[in-house]
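Asks: Following is a predicted model, sequence given first.
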Amino acid sequence: MNFAKLMGRAALAALLLGTPALHATEAEAEFEFAPLPPGEGVDLVYYSCSACHSLMTITNGGYSRAVWDELLDWMVADQGMMELPADERVVILDYLTTYVGQE
């Protein structure tokens, strides 16, 4: 077998072997709550927050739990957001702190 044919087969093998990684990337891009990272409470955050603003506003945050908590208070007091039920607020704060908190 000549070198060109061997390299052609190697390239084909690399392409075929790389396909699962490509599909994983496509699957991640199709995550129904994107651009939010997957995690417990993502659905509640998605539906609660996207009603008023872009989810990029959240993913660009990177705040501490205390700051997220203050922001929720500010949105209720000054921006007309409805008060969250206490149990939902805890889930949202847990999610934001864990998945979109300070790095």
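Replies: Done, it's in. Numbers count the residues shown, from 1 in each chain.
Asks: Then L84 would be within a strand, right?
Replies: No - counting by DSSP: H, G, I helix; E, B strand; the rest coil, L84 falls outside a strand, being coil.
Asks: pretty sure it is touching I92, no?
Replies: Yes - L84 sits in contact with I92 when judged by Cβ atoms under 8 Å, with a separation of 6.8 Å. C-beta: built from backbone N, CA, C; applies to glycine.
Asks: any common contacting residues for those two?
Replies: Common contacts of L84 and I92 (Cβ atoms under 8 Å, 6 or more residues apart in numbering): S48, L72.
Asks: in the protein, which helix or strand is least confident?
Replies: Ranking every helix and strand in the chain by mean pLDDT, DSSP states H and E puts helix 3-29 at the bottom, with a mean of 48.
Asks: mind giving me the domain split of this structure?
Replies: According to automatic domain parsing, the chain comprises the domains 1-30, 32-103.
Asks: hang on, the earlier thing: give the next helix or strand downstream of the least confident helix or strand of the chain.
Replies: For helix 3-29, the succeeding helix or strand toward the C-terminus, using DSSP states H and E, is helix 42-49.
Asks: Following the chain onward from that following helix, which element is next?
Replies: Using DSSP H and E, the helix or strand that directly follows helix 42-49 along the chain is helix 56-59.
Asks: List the residues that contact the closest residue to V45 other than its chain neighbours.
Replies: Excluding the flanking residues, the one nearest V45 by Cβ to Cβ, 6 or more residues apart in numbering is Y95, at 5.1 Å. Applying Cβ under 8 Å, 6+ apart to Y95 gives the contacts G39, E40, G41, V42, L44, V45.
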